[in-house]
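[1] please find the sequence and the predicted model below.
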Protein chains: 2
Amino acid sequence: MIDRKHAVFTQVNNVVGTLNVLFAIREFLPDCHLIKLGTMGEYGTPNFDIEEGYIAIEHNGRKDVVPFPKQPGSFYHLSKVHDSHNMMFACKIWGIRATDLNQGVVYGTMTDETALDEALINRFDYDDVFGTVLNRFCVQAAIGQPLTVYGKGGQTRGFLDIRDTVRCIELACHNPAARGECRVYNQFTEQFSVLDLARMVESAAKKLGVTVEIDHIPDPRVEAEQHYYNAKHSKLIDLGLQPHHLSDSLLDSLMNIAMKYRDRVDASLMLPQVNWREPKNERRMQMSMPTKSSASEPSVEQNLLHKMRAVKG
Amino acid sequence: MIDRKHAVFTQVNNVVGTLNVLFAIREFLPDCHLIKLGTMGEYGTPNFDIEEGYIAIEHNGRKDVVPFPKQPGSFYHLSKVHDSHNMMFACKIWGIRATDLNQGVVYGTMTDETALDEALINRFDYDDVFGTVLNRFCVQAAIGQPLTVYGKGGQTRGFLDIRDTVRCIELACHNPAARGECRVYNQFTEQFSVLDLARMVESAAKKLGVTVEIDHIPDPRVEAEQHYYNAKHSKLIDLGLQPHHLSDSLLDSLMNIAMKYRDRVDASLMLPQVNWREPKNERRMQMSMPTKSSASEPSVEQNLLHKMRAVKG
């Protein structure tokens, strides 16, 4: 959403990458099972329940099951919709096995494996483009900034713990799709609105003796700020997923991590720099700047941390 | 559908081209009206009526109007679906005015303007990749080849006269979309199955004293050979389109053109060279080869004619 160049790069990169993989599977390993990460953002926010990939429609007295109509909300999410259409077609004509995991917004920083050693610590994206909202709120609370809710904050999405993300991929591996099947799973465990999350972070911070404010700022995106949202997500549960819900204890641990590393936070990355209504956005150089609580020079490690960018849900 | 390289080129070319136009409109001429040619092939063949771009759905007791679910039937048609999604989004976030003309299969060779002089003669694509089915049948009849129906021939599509194509674009120009509106018109006038068309050409040929056979050959494409098909197409009629239907007289004139120029026909281009089930297809060099009725060397003009390729519906 930054500008034309970024939009073209994102779409070409995803579309061509996926086409190449599909053709390679057909040519060299037609029986393998493709597992691809899509995103819940492909669906948008229709005024009815979101199904897992397909919807049964009765129209003028006739019935069919068709791909769920997509209303993605950014050029990035559009690239994933393009991929989904290409993938469904390749399954149909070539009999490829595929699972499309429409992932929600991921939160959390560690799995049991990465927790074994601090050297395995995961990245924690909180900036305005690649960061996800719960991470940003925790970081804002940790450095004493108001939580910045875009507009009314009624934007509701599906969320999941990073440990469940990994488990879902494992479950898909163990239960491959049939030949010619393009299976779609909605990969998230709970729905929250942005304002729900802000209030939860406010409470978690209070337990640590930190008072936070919630600011409503004009929404830099073009999206419904209040809407119906009910997305199905039972297929991975049926395969054995046992969700880690966003309980108080998990949120407490997220807050603790944000507090522990708050000296590394670049406070200049919190406010939106990209206005979706503009075709060109000049972003400031994203280099580490010392926060109020740390006057030291940014380390190589800090700079690296900010350069690493997350794969968004 | 030839191979990976062609699929990637087609999708990148259409997707990036349309993205560039959308960003240019937003930046330089936000009030202009974009008219884009899409294709009826974006919809595929669902088992219910095809609407013009959008469908009202009631699902689990809630209602919304959403983009019609797309099930395109080739990598080319997929590229048009990607464009449609990008265009709808650009209208939404930037208030662009757009009309997407989902065109059916075009037949005919001339408009009133091109008929003024033979130098303005239009191309007439009949080959296996870019040619359209009615053109091919007329050419096959003219050179005494059997009409090659793919499979059962129940494949049903929307068709229109080339003069109506031009008129539809004119109508869209004179009736611009509102700001932020992404209007979709289904641009065709009649539905026919492939076998219907073969029988119509058989009759038209008979009137010219030409006997033709109809051959059913294995379908090189992956598509339903018998299916429900009822696509709406009233919006352009409401704007004033007066269709030229595929009457006997029009078909007679098409057959006459095919007969008149039959010496130029490359008889080697009729049979399908691309099997959609294969990820790689080696096509023969497409150079003019003398037909039975013409032993002369192919002219530069003949070669050129075959190199010019149509924009397909």
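    Cool, the structure landed.
[2] looking at residue A:295 now. What's its pLDDT?
    Residue A:295 carries a pLDDT score of 39 in this model.
[3] now do the helices in chain A.
    A:4-28, A:75-94, A:133-142, A:162-174, A:194-207, A:235-238, A:248-260, A:300-307 (DSSP state H).
[4] how much space separates the residue sitting furthest away from the middle of chain A from residue B:47?
    For chain A, the largest distance from the centre (Cα atoms, centre = their mean) belongs to residue A:61, which lies 38.1 Å off. From residue A:61 across to residue B:47, the span is 11 Å (Cβ to Cβ, to the nearest Å). C-beta here means a position set from N, CA and C on the backbone, and glycine is covered the same way.
[5] check residue A:123 too.
    46 Å.
[6] residue A:283 contacts residue A:274, correct?
    Yes. Counting by Cβ atoms under 8 Å, residue A:283 does reach residue A:274; the two are 6.9 Å apart.
[7] give me the common contacts of these two.
    A:2, A:129 (Cβ atoms under 8 Å, 6 or more residues apart in numbering or on different chains).
[8] in the stretch 1-150 of chain A, where is pLDDT below threshold?
    Applying pLDDT under 70 to the stretch 1-150 of chain A flags no residue at all.
[9] which residues touch the closest residue to residue A:64 other than its chain neighbours?
    With Cβ to Cβ, 6 or more residues apart in numbering or on different chains as the criterion, residue A:64 has its nearest non-adjacent residue at 3.8 Å, and that residue is residue B:47. Contacts for residue B:47 (Cβ under 8 Å, 6+ apart) come out as A:62, A:63, A:64, B:227, B:228.
[10] format those as TSV; extra columns: neighbour count and distance to residue B:132.
    As requested, the contacts of residue B:47 are exported to TSV (neighbours: other Cβ atoms under 10 Å in any protein chain shown; distance: Cβ to Cβ, whole Å):
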residue	neighbour count	distance to residue B:132
A:62	13	28
A:63	11	31
A:64	17	27
B:227	14	19
B:228	14	22
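[11] ok, the residues you listed vs residue A:181, which is closest?
    residue A:64 (17.3 Å; Cβ to Cβ).
[12] my read: that closest one touches residue B:48, true?
    Yes. Contact criterion Cβ under 8 Å: residue A:64 and residue B:48 qualify, at 5.4 Å.
[13] give me the common contacts of those two.
    With Cβ under 8 Å, 6+ apart, residue A:64 and residue B:48 have common neighbours residue A:57.
[14] kindly provide the distance from residue A:264 to residue A:108.
    For residue A:264 relative to residue A:108 (Cβ to Cβ), the value is 18 Å.
[15] returning to what we had before: quick one, which of residue A:283 and residue A:274 is more surrounded?
    Per other Cβ atoms under 10 Å in any protein chain shown, whichever of residue A:283 and residue A:274 has more neighbours is residue A:274, with 16 against 13.
[16] how about the contacts made by that one?
    Contacts of residue A:274 by Cβ under 8 Å, 6+ apart are A:1, A:2, A:128, A:129, A:220, A:281, A:283.
[17] ok, the last one - contacts?
    When the contact criterion is Cβ under 8 Å, 6+ apart, the partners of residue A:283 are A:2, A:129, A:273, A:274.
[18] now for the residues you listed: which two are most distant?
    Farthest apart among the contacts of residue A:283 - using Cβ to Cβ - are A:2 and A:273, which lie 8.6 Å from each other.
[19] could you measure from the closest residue in space to residue A:78 that isn't next to it in sequence over to residue A:45?
    In this structure, residue A:78 finds its nearest non-sequential neighbour in residue A:72, 4.8 Å apart by Cβ to Cβ, 6+ apart. Distance of residue A:72 to residue A:45, given as Cβ to Cβ: 11 Å.
[20] if you count what's nearby, which of those two comes out ahead?
    More neighbours surround residue A:72 than the other of residue A:72 and residue A:45, with 22 against 19 (other Cβ under 10 Å).
[21] give me the buried positions along stretch A:175-195.
    A:176-177, A:182-195 (16 or more other Cβ atoms under 10 Å in any protein chain shown).
[22] between those, which sits nearest chain B?
    The closest of the buried residues of stretch A:175-195 to chain B turns out to be residue A:182 (Cβ to the nearest Cβ; 11.4 Å).
[23] tell me what that closest one is bridged to.
    residue A:98 (DSSP bridges).
[24] contact partners for it?
    Residues in contact with residue A:182 (Cβ under 8 Å, 6+ apart) are A:53, A:87, A:88, A:91, A:92, A:96, A:98, A:100.
[25] of those residues, which is the most crowded?
    Neighbour count (other Cβ under 10 Å) singles out residue A:100 as the most crowded of these, with 28 neighbours.
[26] strands along the stretch 201-313 of chain A, start to end?
    A:214-217 (DSSP state E, counting those that start in this stretch).
[27] residues of it that sit close to chain B?
    A:222, A:228, A:276, A:277, A:279, A:280 (Cβ under 8 Å from any Cβ of the partner chain).
[28] what about the closest residue to the fifth one other than its chain neighbours, how many neighbours?
    Across the structure, with Cβ to Cβ, 6+ apart as the measure, the residue nearest residue A:279 apart from its sequence neighbours is residue B:26 (4.3 Å). Other residues lying near residue B:26 total 19 when counted by other Cβ under 10 Å.
[29] against residue B:91, how distant is residue B:26?
    From residue B:26 to residue B:91 the distance is 10 Å (Cβ to Cβ).
[30] same deal with residue A:181?
    With distances taken as Cβ to Cβ, residue A:181 is found 34 Å from residue B:91.
[31] ok, now residue A:50?
    The spacing between residue A:50 and residue B:91, counted by Cβ to Cβ, is 22 Å.
[32] what residue in the stretch 101-250 of chain A comes nearest to chain B?
    Counting by Cβ to the nearest Cβ, the stretch 101-250 of chain A gets nearest chain B through residue A:222, at 4.2 Å.
[33] wait, what's in contact with the nearest residue to that residue once chain neighbours are set aside?
    Nearest non-adjacent residue to residue A:222, counting by Cβ to Cβ, 6+ apart: residue B:93, 4.2 Å away. Taking Cβ under 8 Å, 6+ apart as the criterion, residue B:93 is in contact with A:222, A:276, A:277.
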